[in-house]
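> pasting the structure only:
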Ligand SMILES: Cc1ncc(COP(=O)(O)O)c(C=O)c1O
């Protein structure tokens, strides 16, 4: 038995608990949250922070929402968990119905996974098994664009950017996929023919070995917060279709309204063959993801046998129930208007950062606001800086960004934007 003698919880956390993308060396500092309410995080020192991150795209309704609390507590009284092998339950059935109804036409087969990364693994397995079932087992590669991020598990890492992504030290161990340069001309671009050329060329060169194209539609998230044009997305989808391969949309970050459409694929009016959802699916309450596919894929795989994936907590009833209610809550709200308001406000306020020293660009889409710098920030100075201003904003690399809960009031959003603006005005001392 190991013994630990922490002087306090802070030290126990620092010396014994891993945090995301962090060393465990006693140097890493975390702020201790005791409760959350609406758009606020309450810290154990009494400080209250306005949340600009929605807990990494998840908490779209804000925190501690009475409706979601009620859904999950009601569910706990009847069925918290049961294995999904050989058993089913109403929360999973109800949620599947809603997802089939809401997502682009043609996606009507649902696999419940336990996190975004696992949803990507399942999508990859679907693609592999689809081509095996079609007697083309030589098709084992995916085509994607650089600056992508699809998760931290091995299949997902293999489609993340191999150089600028967070996983380059694993490169030799990963599936060998094809990465080409992606679009750079932004959301409003209309002439994207030249930007599609690398995809076209790769499709030509690897015609016999590709399973499909995988992309984050419209917004590349953790790989650089790049926005690209619906014309590019449409073009990429058409290229996949004319090559006869699958198109996989990773909407784990963009799903459920974040870009101003319920799903980012709607900007280009496309239906992918496989769609991955996660993050905001449960309104930030629990981990749950889903991989949807067309009947063509499920039938092709199932003619030969089973889809070979089945996690212990597959279709967890608590997660499915809270996801169902989160979707209802979203659809009953004025989410489109709320997001338009957030977008307009961030346009007005964050655009003031443009043309400041060290600012490369400012871009806003839906409820996502990004200030990209020319140099990376120093987390040891910028994080306490934001906390001292009573906001929770967590930059990474050269990016300071906001993606608040959709329920945020304009006054609170102004405080977030001002904190970003102030940081930009003092940026020299906050850079690495
Ligand atoms: C686009 C995208 N795909 C996949 C993932 C992985 O999801 P998870 O962190 O739930 O495994 C993320 C997470 O940030 C993401 O943004």
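Structure's in. What do you need? Model, not experiment: these values are computed from the prediction. Numbering: from 1, shown residues only.

> So which residues on the stretch 251-400 of the chain come close to the ligand?
Counting by C-beta under 6 Å from any ligand atom, the residues of the stretch 251-400 of the chain close to the ligand are 252, 253, 278. Heads up, the C-betas are built off the backbone N, CA and C, glycines and all.

> how about 8 Å then?
Residues of the stretch 251-400 of the chain lying near the ligand by C-beta under 8 Å from any ligand atom: 251, 252, 253, 254, 276, 278, 279, 287, 289.

> closest to residue 428 among the residues you listed?
residue 253 (30.8 Å; C-beta to C-beta).

> Just give the number of residues close to the closest one.
29 (other C-beta atoms under 10 Å).

> Apart from its chain neighbours, what residue comes closest to it?
Spatial nearest neighbour of residue 253, chain neighbours left out: residue 221 (4.1 Å); criterion: C-beta to C-beta, 6 or more residues apart in numbering.

> pretty sure that neighbour is in contact with residue 149, am I right?
Yes - assessed by C-beta atoms under 8 Å, residue 221 is found in contact with residue 149 at 5.6 Å.

> Can you give the distance of stretch 393-410 from its chain's centre?
Between the centre of stretch 393-410 and the centre of its chain there are 14 Å (C-alpha atoms, centre = their mean, to the nearest Å).

> switch to numbering from 23
OK, 23 is where the count begins now, so the last one is stretch 415-432.

> And the average pLDDT for it is what?
Regarding stretch 415-432, the rounded mean pLDDT is 98.

> Show me which residues of it are buried.
When neighbours are counted by 16 or more other C-beta atoms under 10 Å, the buried residues of stretch 415-432 are found to be 415, 417, 419-430.

> for this protein, what are the low-confidence residue spans?
Scanning the chain for pLDDT under 70 picks out 27-28.

> mind listing the helices for it?
For the chain, the helices defined by DSSP state H cover 31-38, 76-79, 88-100, 112-124, 138-155, 176-179, 215-227, 252-265, 317-326, 339-354, 357-372, 401-410, 432-447.

> closest point of the protein to the ligand, which residue?
residue 138 (2.1 Å; C-beta to the nearest ligand atom).

> Nearest residue to the middle of the chain?
Central residue of the chain (C-alpha atoms, centre = their mean): residue 275, 2.3 Å from the mean position.

> Now do the contacts for that residue.
The neighbourhood of residue 275, defined by C-beta atoms under 8 Å, 6 or more residues apart in numbering, consists of 79, 138, 238, 241, 243, 244, 301.

> what about the spatially closest residue to residue 188 that is not a sequence neighbour, neighbour count?
Closest residue in space to residue 188, ignoring its immediate chain neighbours: residue 43 at 6.5 Å, by C-beta to C-beta, 6+ apart. Neighbours of residue 43 under the rule other C-beta under 10 Å: 10.

> ok, now the one 3 residues further on?
Using other C-beta under 10 Å, residue 46 has 12 neighbouring residues.

> The one 10 residues further on now?
Using other C-beta under 10 Å, the number of residues around residue 56 comes to 10.

> I am assuming it contacts residue 64, so please confirm or correct that.
Yes - counting by C-beta under 8 Å, residue 64 is a contact partner of residue 56 at 5.4 Å.

> What is the burial count for residue 358?
Neighbours around residue 358, by other C-beta under 10 Å: 14.

> what's the spacing between it and residue 216?
33 Å (C-beta to C-beta, to the nearest Å).

> same question, residue 412
For residue 412, the distance to residue 216 - C-beta to C-beta - is 46 Å.

> So which of those two has more stuff around it?
Taking other C-beta under 10 Å, residue 412 and residue 216 do not tie; residue 412 has more neighbours (15 against 9).

> Quick check: that one vs residue 56, distance?
Counting by C-beta to C-beta, the gap from residue 412 to residue 56 is 15 Å.

> Residue 143: how many residues sit nearby?
Residue 143, neighbours per other C-beta under 10 Å, totals 22.

> How about residue 396?
12.

> same question, the one 10 residues further on
Under the neighbour criterion other C-beta under 10 Å, residue 406 is assigned a count of 13.

> next one: the one 3 residues further on
Counted with other C-beta under 10 Å, the neighbours of residue 409 add up to 18.

> before we move on, what about residue 300?
For residue 300, using other C-beta under 10 Å, the count is 28.

> need the contact list for it.
So, once contact is read as C-beta under 8 Å, 6+ apart, residue 300 ends up touching 135, 137, 138, 141, 274, 277, 310, 311, 312.

> Swap in 7 Å and give it another go.
Applying C-beta atoms under 7 Å, 6 or more residues apart in numbering to residue 300 gives the contacts 137, 138, 141, 274, 311.

> got it, and residue 104?
111, 339.

> The one 3 residues further on too?
Contact partners of residue 107, counting by C-beta under 7 Å, 6+ apart, are residue 332.

> Return the most buried member of the helices of the chain.
Across those, averaging neighbours per residue (mean count of other C-beta atoms under 10 Å) puts helix 138-155 on top, at a mean of 24.

> Would you mind pulling up the elements that that helix packs against?
Packing contacts for helix 138-155, counted by 3 or more C-beta pairs under 7 Å, 6 or more residues apart in numbering; DSSP states H and E, involve strand 129-135, helix 176-179, strand 232-237, strand 268-272, strand 296-299, strand 311-316, helix 317-326.

> got the ones you listed as a markdown table, with distance to residue 403 columns?
Formatted as a markdown table, the helices and strands packed on helix 138-155 follow (distance: least, C-beta to C-beta, whole Å):
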| stretch | distance to residue 403 |
| --- | --- |
| strand 129-135 | 38 |
| helix 176-179 | 30 |
| strand 232-237 | 35 |
| strand 268-272 | 33 |
| strand 296-299 | 36 |
| strand 311-316 | 35 |
| helix 317-326 | 49 |
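
> so which of those gets nearest residue 109?
With respect to residue 109, and counting by C-beta to C-beta, the nearest of those is strand 129-135 at 13.1 Å.

> Pull the number of nearby residues for residue 137.
By the measure other C-beta under 10 Å, the count of residues near residue 137 is 20.

> residues touching the residue nearest to residue 81 when sequence neighbours are not counted, list them.
Leaving aside its sequence neighbours, residue 81 sits nearest to residue 306 (C-beta to C-beta, 6+ apart; 3.3 Å). By C-beta under 7 Å, 6+ apart, the contact list for residue 306 reads 76, 77, 80, 81, 82.
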